[in-house]
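After the sequence you'll find the predicted model.
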Amino acid sequence: MKTIYVDNNATTRVAPEVVEEMSPYFSELYGNPSSMHFFGGQVHSKVEEARERVAGLIGARPQEIIFTSCGTESDNTAIMSALESNPGKRHVVATRVEHPAVKNLVGHLKREGYRVTELPVDRDGLLSMDEVSRVITDDTAIVSVMWANNETGVLFPVEEIANVAKSRGVIFHTDAVQAVGKIPINLAENQIDMLSLSGHKLHAPKGIGVIYVRRGTRFSPYIIGGHQEEGRRGGTENVPYIIGMGKACELAANHLDDVKVRVKGLRDKLENGLLEKIPNSIVNGDRDQRLPNTSSISFEYVEGESILLKLSDNGICASSGSACTSGSLEPSHVLRAMGVPFTAAHGSIRFSLSSYNTEEEIDFILKVMPPIIEELRAISPFWDGSVARSCTPCLLYTSDAAD
């Protein structure tokens, strides 16, 4: 059975070109880039080449690129650095739909006595700029807003938010893990102070990330150790993965047009086909301001986990928007924050494509998905033919807006 992988917002295939470029640095060119001898020196030069490639993808200077272990470390580093650099400020601004790498950290900070504001989103998953301006105060240490939501693909106006933060003297950070490599980014043309990205979201290996820190931004290291990364992140460099990250960023820069046109076309074909073939299905999030590869669709009156299992039986790998697999009956915090009805939120599926996907794969999904939903609705206690039965939990469901 062929595997059809449409879960690229979770992780991506490591590109063959990336594997090839990494390979010598495991067994042949294994020197420590901090060593003074020629064997380490040639490795050091390759690390710096990777730094230049990463910077080139996002319009940054190489000196503004710090290699980390993952996007989570980069997010944590940015927020904790802002707090360390501004010890007199005790206010943090984020959104209700951040990735757990940010959401759970600000929750921890709240328990530690910091004041945290989590900005709401509307039914389309969009932010209000008026609300952003309103919540920033003289006590705000950092505003952290993701560039693109990992579940819905909705894009936030981070460049505009960065301008507002800058005008108030506040550090602005964006978790751009889902955005980098999918949309053009040029940090030389905006006021973003810090940005996080992760290698395994753009066809590099798991275990490598980056934090961009704009030149002149006050910065406090999160991992303290040796002089690596100009003293901004201790620990011997993960050379093969850094090199892989550099190559992946070079490839991503070359593939931006393919993602913008061909991958988006596949996404739209899949989404429109499912909406046409399956009644009571809805798209979660704004359909214009979003990533070109992502579609979150809710199929009412069925459970997302059941859909995923049926898809998996057909070799199709996607994601659910609810947390039922962890033993909770609550949908994802993103869909709750958007006020998606209970009957829809539990049946949400995220399809996230990459340049490796084909039209034949989309056709196969469109073939097998309608009978899967029909079969599951036939045994659903809340579905009767083409209408829903009375559903007490649906009536009780409320969004995070009241939390």
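All right, it came through fine.

what does stretch 355-369 contact?
Contacts with stretch 355-369, where a contact means C-beta atoms under 8 Å, 6 or more residues apart in numbering, come from 4-6, 13, 255, 258-259, 262-263, 266, 269-270, 273-274, 277-278, 311, 314, 316, 351. All C-beta atoms are positioned from the backbone trio N, CA, C, and that covers glycine.

swap in stretch 50-63?
Contacts of stretch 50-63 (C-beta under 8 Å, 6+ apart): 48, 64-65, 67, 176, 180-181, 185-189, 195, 197, 210, 212, 215, 230, 242-243, 245-247, 249-250, 252-253.

switch to 6 Å and redo it
Outside stretch 50-63, the residues that touch it by C-beta atoms under 6 Å, 6 or more residues apart in numbering are 65, 185-188, 210, 212, 242-243, 246, 249-250, 252-253.

Just the buried subset of those residues, please.
Buried by 16 or more other C-beta atoms under 10 Å: 65, 185, 187, 210, 212, 242-243, 246, 249-250, 252, out of those.

Just the ones of those in helices?
Among those, the members found in helices (DSSP state H) are 242-243, 246, 249-250, 252.

one step back: let me have the buried ones among the contacts of stretch 50-63 in TSV, adding distance to Val54 and pLDDT as columns.
Shown next, in TSV, are those (distance: C-beta to C-beta, whole Å; pLDDT from 0 to 100):
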residue	distance to Val54	pLDDT
Ile65	5	98
Ile185	11	98
Leu187	11	98
Val210	6	98
Tyr212	8	98
Ile242	9	98
Ile243	11	98
Gly246	6	98
Cys249	5	98
Glu250	9	98
Ala252	10	98
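
Make a markdown table from those and add distance to Gly56 to it.
As requested, these are arranged in a markdown table below (distance: C-beta to C-beta, whole Å):
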| residue | distance to Gly56 |
| --- | --- |
| Ile65 | 10 |
| Ile185 | 11 |
| Leu187 | 11 |
| Val210 | 12 |
| Tyr212 | 12 |
| Ile242 | 15 |
| Ile243 | 15 |
| Gly246 | 9 |
| Cys249 | 7 |
| Glu250 | 7 |
| Ala252 | 10 |
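
which stretches of the stretch 101-250 of the chain form strands?
Assigned by DSSP state E, counting those that start in this stretch, the strands in the stretch 101-250 of the chain fall at 115-119, 140-144, 171-175, 194-198, 209-213.

Let's have the ones you listed in JSON lines, adding distance to Tyr25.
JSON lines is the format used below for the strands of the stretch 101-250 of the chain (distance: least, C-beta to C-beta, whole Å):
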{"stretch": "strand 115-119", "distance to Tyr25": "41"}
{"stretch": "strand 140-144", "distance to Tyr25": "33"}
{"stretch": "strand 171-175", "distance to Tyr25": "28"}
{"stretch": "strand 194-198", "distance to Tyr25": "20"}
{"stretch": "strand 209-213", "distance to Tyr25": "18"}
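
wait, which of those strands is closest to Ser298?
With respect to Ser298, and counting by C-beta to C-beta, the nearest of those is strand 115-119 at 23.0 Å.
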